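Asks: The sequence isn't on hand, but the structure is:
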């Protein structure tokens, strides 16, 4: 008789076969997940992005209403181009106690386990709903997760807690920093280098912007939460690139600053963005537009991935610690969608099969032992409901 682990590996093989790289559609995979969950009695919503080529899936087993438990994973995977795989990355290969394939640990293994256990949840769930949330475009900026939260808000549904099954080697993770990435574009006025007052030097204004970033970088150290658990315990800023100009004797009309911050708390992100907005509006732009009224500064949002802030009270952490038998929770450096659920008012925790050390690499794999541990955790979760 097939076990839940057998069912998980069978489903995982199917999911790996879908090349859901972020620049491609995930609709075929979503369709299979929808059909499987509907066969198990789930009520399923599929919410499409504006292109119609990608979708989030949200399914529910058990009673209607708020306070439910969300099991969440992203369906997209990173590219395999220029990677030296020894097997077909989109063909499941089980050997030496491992399942190889793109997305096997990040994070189709967890999704497969959730769907494999759906029949058990359907039989057991009575007191609070269990939701399955499978998103698109996590790898490129958590865009699907952000859209999912907006869909839940529109639906008027507020689950109580979320388990995000990113690969943590089944360790219980209660926190990670956010990751906010931007490109700030400076549009000035070109001219001859011999008469700098007649132009708007975009590179110089970009340099002044970077200087303000450095001031904020120092100020953030003073805002570090008392007894902060992160390393370092304050929000960081990194200036990744400053590009602009064409020649020694030409006033550059354009420049770009690529920068990021890693907030330890949402208030730090607001502090940085508000400070930069005020600096541009009150200092830089008036000086630029005094020469050329058409001069401007535009900031392009590359990604805004919310952090998961450690909280004293966290129902999700308490439940998953008990289910896994772990003695304590931890923090990680990589980002997840967990902060989005937390910002929506849920307690959230990250715990899933596989190691982040094997994600995004050639010959990505998840061990059968890790999948078995995940299946066991979900079985015990079902018994508590």
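Replies: Everything's here; your move. Small disclaimer: the values here were computed from a predicted structure and weren't measured.

Asks: for this structure, what spans make up the helices?
Replies: 4-16, 27-39, 109-116, 118-124, 143-155, 202-222, 266-279, 285-291, 315-324, 338-343, 368-384 (DSSP state H).

Asks: so where is the chain shaky, pLDDT-wise?
Replies: In the predicted model, the chain carries pLDDT under 70 at residues 1.

Asks: domain ranges for it?
Replies: Domain ranges of the chain: 4-176+306-384, 179-304, per automatic domain parsing.

Asks: Report the buried residues of stretch 201-218.
Replies: 201, 202, 203, 204, 205, 206, 208, 209, 212, 213, 216, 217 (16 or more other Cβ atoms under 10 Å). C-beta coordinates here come from the backbone N, C-alpha and C atoms, glycine included.

Asks: As JSON lines, those residues with distance to residue 375 would be great.
Replies: Below are the buried residues of stretch 201-218 laid out as JSON lines (distance: Cβ to Cβ, whole Å):
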{"residue": "201", "distance to residue 375": "61"}
{"residue": "202", "distance to residue 375": "56"}
{"residue": "203", "distance to residue 375": "56"}
{"residue": "204", "distance to residue 375": "59"}
{"residue": "205", "distance to residue 375": "56"}
{"residue": "206", "distance to residue 375": "52"}
{"residue": "208", "distance to residue 375": "56"}
{"residue": "209", "distance to residue 375": "51"}
{"residue": "212", "distance to residue 375": "51"}
{"residue": "213", "distance to residue 375": "46"}
{"residue": "216", "distance to residue 375": "46"}
{"residue": "217", "distance to residue 375": "45"}
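
Asks: how many other residues sit next to residue 374?
Replies: 28 (other Cβ atoms under 10 Å).

Asks: For it, list the residues it contacts.
Replies: Residues near residue 374 by Cβ atoms under 8 Å, 6 or more residues apart in numbering: 8, 109, 110, 113, 165, 170, 352, 353.

Asks: Which two of these have the greatest separation?
Replies: Within the contacts of residue 374, 8 and 170 form the most distant pair, 14.1 Å apart (Cβ to Cβ).

Asks: higher neighbour count, the two?
Replies: Just comparing residue 8 and residue 170: by other Cβ under 10 Å the higher neighbour count belongs to residue 8, 27 against 23.

Asks: quick one, phi psi at the nearest residue to residue 371 once chain neighbours are set aside?
Replies: Closest residue in space to residue 371, ignoring its immediate chain neighbours: residue 353 at 5.1 Å, by Cβ to Cβ, 6 or more residues apart in numbering. Main-chain dihedrals, residue 353, degrees, to the nearest 10: phi -80, psi 150.

Asks: surely residue 353 meets residue 170?
Replies: Yes: look at residue 353 against residue 170 with Cβ atoms under 8 Å: they come within range, at 6.2 Å.

Asks: Please enumerate the shared neighbours of the two.
Replies: 370, 373, 374.

Asks: CSV for those, including distance to residue 86?
Replies: Formatted as CSV, the shared contacts of residue 353 and residue 170 follow (distance: Cβ to Cβ, whole Å):
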residue, distance to residue 86
370, 21
373, 26
374, 25
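
Asks: Between the residues you listed, which sits nearest residue 274?
Replies: Distances from residue 274 to those, taken by Cβ to Cβ, are shortest for residue 374, at 41.5 Å.

Asks: do you know how far that closest one is from residue 367?
Replies: 11 Å (Cβ to Cβ, to the nearest Å).

Asks: Ok, residue 317 next?
Replies: For residue 317 relative to residue 367 (Cβ to Cβ), the value is 24 Å.

Asks: out of the two, which sits in the more crowded spot?
Replies: Taking neighbours as other Cβ under 10 Å, residue 317 and residue 367 compare with residue 317 leading, 24 against 20.

Asks: wait, doesn't that one sit right on residue 351?
Replies: No: counting by Cβ under 8 Å, residue 317 sits too far from residue 351 to count as a contact (9.3 Å).

Asks: Common neighbours of these two, please.
Replies: residue 172.

Asks: and the residue nearest to residue 371, how many neighbours?
Replies: 31.

Asks: Could you check how far it is from residue 246?
Replies: 52 Å.

Asks: Residue 51 now?
Replies: Applying Cβ to Cβ to residue 51 and residue 246 gives a distance of 36 Å.

Asks: okay, those two: which has more neighbours?
Replies: residue 246 (11 against 7).

Asks: Who are the contact partners of residue 175?
Replies: 229, 230, 307, 308, 309, 310, 331, 332.
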